[in-house]
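1. Have a look at this fold, sequence not included:
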C-alpha cells in the first residue's frame, strides 16, 4: 500500500461519464486511503446511464456534479499540482493535463477510454456500451491501484 499515490485526479471531456465512473470505482476500492477527484475539460450534465450501470455493481454516483479543471481550482482551492497523479481518459483531457502540470511534480497517465455516449442503438445496446467502459475502468483501476485483498 505504500506505493499508492496519496491523491489522484481523473480527467475526461465533460466529467459526466468516464471520469466520474473512475473516481467512484477508486473510492469504492480504497475508501479514504487515496484522495480522489474528477474533472472535465467542459462541464457536462450528469448521465443517467452512468448512474444505472454503477448502481448495478453497488456504487452510488447519483450525487455526482460535473465540474471542470477551473471549478477544481476555484471552488476547492486546489490545483492539479496538489495531486500525485492525473489520469486522463480522453485525448483532449490528456492535452490539458499535460499543459497544466508541465511545471509541477505530478505524474500524468493517459488511459484512452471509449466514450459510450456516442453509441447508437437500442437502450440495451447503449447500456451495454456503458457497462463495457465501466468494467474496463474497474479492471484497469484494480490493476493500477491494487488492494491488500487478493
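-> Yes, it's here. These numbers were taken from a predicted model, which means no experiment stands behind them.
2. drop to CA atoms for contacts and neighbour counts, all remaining ones
-> Will do.
3. Now name the helix or strand holding residue 86.
-> Following DSSP states H and E, one finds residue 86 within strand 85-88.
4. What average pLDDT does that strand get?
-> Averaging pLDDT along strand 85-88 gives 96.
5. How about stretch 64-76?
-> Averaging pLDDT along stretch 64-76 gives 78.
6. Same check on stretch 131-146?
-> Across stretch 131-146, the average pLDDT comes to 97.
7. before we move on, what about stretch 24-39?
-> 95.
8. Counting neighbours, which bits of it end up buried?
-> Applying a neighbour-count criterion of 16 or more other C-alpha atoms under 10 Å, one finds 24-27, 29-30, 34-39 buried in stretch 24-39.
9. got the contact list for stretch 102-122?
-> Outside stretch 102-122, the residues that touch it by C-alpha atoms under 8 Å, 6 or more residues apart in numbering are 17-18, 80-81, 83-91, 94, 97-98, 125-126, 129-130, 133.
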